[in-house]
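Engineer: Got a predicted structure here, sequence first:
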Amino acid sequence: MPHKLPTLHRIHPADSVAVALRPIEAGEVVEGLTMLDAIAQGHKVALAAIAAGSPVVKYGQPIGLAARPIAAGEHVHSHNLQTALAGELAYRPGLALPAGVSGAALPRWQGYRRSDGRAATRNEIWVLPTVGCVGITAEAVAREASALHAGKLDGIHAFTHPHGCSQLGDDLSGTRALLAGLAANPNAAGVLLLGLGCESNQLDSLLEAVPPDMHGKVRLLSSQSAGDEMALAASLIDELVEEAALARREELPFSALTIGLKCGGSDGFSGLTANPLLGRLTDSLCAAGGRAILTEIPEIFGAEQALLDRAINAAVFDEAAELVNRFKRYYLDQGLPVSENPSPGNLAGGITTLEEKSLGAVQKGGNAPLCDVISYGQQARHSGLTLLEAPGNDAVSSTALAAAGATMVLFTTGRGTPLGFPVPTVKVASNAALAANKPHWIDFDASCVLRDGPEAADIAFASRIAAIASGESSCAERAGQRAIAIWKRGVTL
């Protein structure tokens with residue numbers, strides 16, 4: 001039976017604020033509390049008086065400090081709530097690591113088993129340019145090959161970018177690592193690395209960054225060295241298609257999936273519906289032996305201790321703590337506060353501070369033990385939850401998830417976006433209005449958690465994920481929304 005929706009939602013018994021599940025008028029009495037202000041849907045209201053300088057608590061954790069006295073029934077937002085985040089911290093291991101979570105029953109799906117044992121949700125050919133100069137050429141190559149080989153496999157796609165030349169040091173290494181990671185993704189049955197010839201990101205160096213056991217599915221083409229680069233590219237893709245077309249889907253356990261966890265354009269419902277929904281799926285997947293990858297390091301600030309306490313050993317704890325502090329130093333070295341977040345869309349949706357955003361965002365990782373920490377462009381190596389180095393930017397972090405081996409990206413949003421990435425990108429709406437207004441963007445409406453309860457929502461969501469993993473197109477795929485973005489960190493020559 002659907003649940004009767006309350007007007008206010010108190011997430012944790014210790015919370016001093018609740019979230020409005022519908023717009024509330026000033027003067028309205030809700031659950032015995034008189035509203036002193038109008039409260040927009042997804043925004044916060046004080047449940048009791050909060051003294052100036054005292055913590056404001058949501059999710060059972062402080063989300064900032066009261067900037068002035070706040071009365072019971074008052075709207076709590078940027079006019080009276082401020083961040084308490086500063087700079088780097090000295091983290092200490094928690095007292096206990098969760099014993100683990102039990103895996104709920106998960107559906108099976110139809111996927112492609114690769115020679116290295118990993119499973120793919122798509123069987124595609126990817127054209128990856130080494131440099132922006134041949135980006136348009138790569139798109140033309142993929143377009144012509146798609147028309148010629150239509151129906152033989154799941155797709156042929158080019159992923160262009162403006163980088164690969166005029167880069168130095170770690171900046172160039174990051175571009176190379178990201179492209180090498182994409183080349184190793186299981187969904188790419190074959191890869192054409194298309195170069196120009198004179199760029200900093202040389203083909204031979206890029207191939208060296210690709211794991212050696214992946215070299216068999218990779219072809220190289222330097223456009224300056226070829227007479228007719230289009231004809232030669234077509235010939236190389238013909239070879240790749242001939243090999244890739246032999247693959248067939250087979251029934252696989254849900255645990256064969258590697259999922260990337262992402263949130264973009266969050267609102268006040270994201271931490272109530274969509275992110276916890278992903279968290280419960282993550283728990284079940286990891287308990288069954290699958291892989292989940294969490295990133296967006298700046299959107300962990302303020303919630304990192306709870307994540308660090310789940311590290312499986314001291315080495316993982318230290319690596320995760322160092323990664324979080326390194327990102328904070330990245331901000332501070334640019335003269336920026338570590339709390340330079342949320343975005344205007346987040347604020348409009350009811351999120352006030354980065355602590356609040358982070359405490360909602362990390363719920364995507366559920367309660368699964370943190371098993372590994374990997375660098376930008378590096379592949380996920382173990383079953384369980386992995387923390388990946390990447391910023392919060394939607395396109396950059398989603399691309400990094402694909403380069404880390406994710407064969408699907410589960411993307412929660414309270415505001416909506418049409419953009420998709422190299423692997424199937426499943427958009428999960430946090431609220432019913434978004435799902436209703438943008439059905440061509442949204443693959444799953446997580447507001448069903450409030451209507452139907454978590455158990456029914458979890459079953460429906462796992463079924464939807466299995467269907468898309470098995471070949472049903474996501475909204476972004478149907479719209480042709482597939483792109484990459486590379487994290488640029490250095491000077492441009």
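Structural biologist: It's in.

Engineer: Tell me where the stretch 201-350 of the chain has helices.
Structural biologist: Taking DSSP state H, counting those that start in this stretch as the criterion, the stretch 201-350 of the chain contains helices spanning 203-209, 229-244, 274-287, 304-308, 314-333, 344-348.

Engineer: Check which helices and strands the third one sits against.
Structural biologist: Put plainly, it is helix 274-287. strand 258-263, strand 291-294, strand 384-388, strand 408-413, strand 425-429, helix 454-469 (3 or more Cβ pairs under 8 Å, 6 or more residues apart in numbering; DSSP states H and E). Where you see a C-beta, it was placed from the backbone N, CA and C, and this is true even at glycine.

Engineer: That one vs strand 258-263, what angle?
Structural biologist: 160 degrees (axes from the mean of the first three to the mean of the last three Cα atoms, to 10 degrees).

Engineer: got the angle for helix 274-287 vs strand 425-429?
Structural biologist: Using the same axes, to 10 degrees: helix 274-287 against strand 425-429 is 130 degrees.

Engineer: do the fifth one as well
Structural biologist: Between the axis of helix 314-333 and that of strand 425-429 there is an angle of 80 degrees, by the same axes, to 10 degrees.

Engineer: Poorly predicted segments of the protein, please.
Structural biologist: 1-5, 94-104, 341 (pLDDT under 70).

Engineer: so what does the one helix or strand Val56 maps to touch, helix or strand wise?
Structural biologist: Applying DSSP states H and E as the criterion places Val56 in strand 55-58. Judged by 3+ Cβ pairs under 8 Å, 6+ apart, the packing partners of strand 55-58 are strand 17-20, strand 61-66.

Engineer: neighbours around Phe421, how many?
Structural biologist: 27 (other Cβ atoms under 10 Å).

Engineer: how close does the residue nearest to it when sequence neighbours are not counted sit to Pro391?
Structural biologist: Nearest residue to Phe421, sequence neighbours excluded (Cβ to Cβ, 6 or more residues apart in numbering): Ser398, at 4.3 Å. Distance, Ser398 to Pro391, using Cβ to Cβ, to the nearest Å: 11 Å.

Engineer: These two: which has the busier surroundings?
Structural biologist: Taking other Cβ under 10 Å, Ser398 and Pro391 do not tie; Ser398 has more neighbours (28 against 18).

Engineer: Am I right that the more buried one is in contact with Val409?
Structural biologist: Yes. Counting by Cβ atoms under 8 Å, Ser398 touches Val409, with 5.3 Å between them.

Engineer: Name the residues contacting each of these two.
Structural biologist: Counting by Cβ atoms under 8 Å, 6 or more residues apart in numbering, the shared contacts of Ser398 and Val409 are Gly260, Lys262, Phe421, Thr425.

Engineer: So which of those is the closest to Leu354?
Structural biologist: Ranked by distance to Leu354 (Cβ to Cβ), the shared contacts of Ser398 and Val409 are led by Lys262 at 17.2 Å.

Engineer: residues in contact with that closest one?
Structural biologist: Applying Cβ under 8 Å, 6+ apart, the residues near Lys262 are Thr295, Glu296, Lys364, Asp394, Ser397, Ser398, Leu401, Val409, Leu410, Phe411, Thr412.

Engineer: Report the beta-bridge partners for the closest residue to it other than its chain neighbours.
Structural biologist: Excluding its sequence neighbours, the residue lying closest to Lys262 (Cβ to Cβ, 6+ apart) is Phe411, at 4.6 Å. Taking DSSP bridges as the rule, Phe411 bridges to Lys262, Lys427.

Engineer: Please report how far Phe411 lies from Tyr112.
Structural biologist: 22 Å.

Engineer: Also Ala483?
Structural biologist: 23 Å.

Engineer: neighbour count winner among those two?
Structural biologist: Tyr112 (24 against 17).

Engineer: Backbone dihedrals for that one, both of them.
Structural biologist: phi -100, psi 120 (degrees, to the nearest 10).

Engineer: what's near enough to touch it?
Structural biologist: Ala119, Ala120, Thr121, Arg122, Asn123, Pro186, Ala189, Ala247, Arg248, Arg249, Glu250.

Engineer: among those, who's most crowded?
Structural biologist: Going by other Cβ under 10 Å, Thr121 tops those with 28 neighbours.

Engineer: pretty sure it contacts Leu257?
Structural biologist: Yes. Thr121 is within contact range of Leu257, at 7.5 Å (criterion: Cβ under 8 Å).

Engineer: so what's in contact with these two at the same time?
Structural biologist: Gly111, Thr407, Met408, Ala469.

Engineer: For Leu220, state which of those is nearest.
Structural biologist: Looking across these and measuring by Cβ to Cβ, the closest to Leu220 is Thr407, at 24.4 Å.

Engineer: these two touch, right, the closest one and Thr121?
Structural biologist: Yes. Contact criterion Cβ under 8 Å: Thr407 and Thr121 qualify, at 4.5 Å.

Engineer: Next, show the common contact partners of those two.
Structural biologist: Gly111, Asn187, Leu257, Val423, Pro424, Ala469.

Engineer: quick one: which of these is most hemmed in?
Structural biologist: That'd be Val423 among the shared contacts of Thr407 and Thr121, by other Cβ under 10 Å, with 30 neighbours.

Engineer: for that residue, what are its contacts?
Structural biologist: Thr121, Arg122, Asn185, Asn187, Gly260, Leu401, Ala402, Ala406, Thr407, Met408, Val409.

Engineer: Mind doing that once more with 7 Å?
Structural biologist: Thr121, Asn185, Asn187, Ala402, Ala406, Thr407, Met408, Val409 (Cβ atoms under 7 Å, 6 or more residues apart in numbering).

Engineer: Looking at those, spot the one nearest Tyr330.
Structural biologist: Using Cβ to Cβ, the contacts of Val423 come closest to Tyr330 at Ala402, 22.5 Å.

Engineer: That closest one touches Phe421, doesn't it?
Structural biologist: Yes. With contact defined as Cβ atoms under 7 Å, Ala402 reaches Phe421; the gap is 5.8 Å.

Engineer: Please state the offset of stretch 42-51 from the chain centre?
Structural biologist: 30 Å (Cα atoms, centre = their mean, to the nearest Å).

Engineer: Which positions within that stretch qualify as buried?
Structural biologist: Neighbour counts over stretch 42-51 (16 or more other Cβ atoms under 10 Å) mark Gly42, His43, Lys44, Val45, Ala46, Leu47, Ile50 as buried.

Engineer: which one among those residues gets closest to Gly290?
Structural biologist: Looking across the buried residues of stretch 42-51 and measuring by Cβ to Cβ, the closest to Gly290 is Gly42, at 31.4 Å.

Engineer: on that earlier part again, of the contacts of Lys262, which is the most crowded?
Structural biologist: Leu401 (33 neighbours).

Engineer: Am I right that it falls within a helix?
Structural biologist: Yes. If the criterion is DSSP: H, G, I helix; E, B strand; the rest coil, then Leu401 is within a helix.

Engineer: What separation do you get for the closest residue to it other than its chain neighbours and Gly181?
Structural biologist: Nearest non-adjacent residue to Leu401, counting by Cβ to Cβ, 6+ apart: Gly260, 3.0 Å away. Note on Gly260: its distance to Gly181, by Cβ to Cβ, is 12 Å.

Engineer: more neighbours, these two?
Structural biologist: More neighbours surround Gly260 than the other of Gly260 and Gly181, with 31 against 25 (other Cβ under 10 Å).

Engineer: my read: that one touches Gly405, true?
Structural biologist: No. Counting by Cβ under 7 Å, Gly260 stays clear of Gly405, with 8.7 Å between them.

Engineer: intersection of neighbour lists for those two?
Structural biologist: With Cβ under 7 Å, 6+ apart, Gly260 and Gly405 have no common neighbours.
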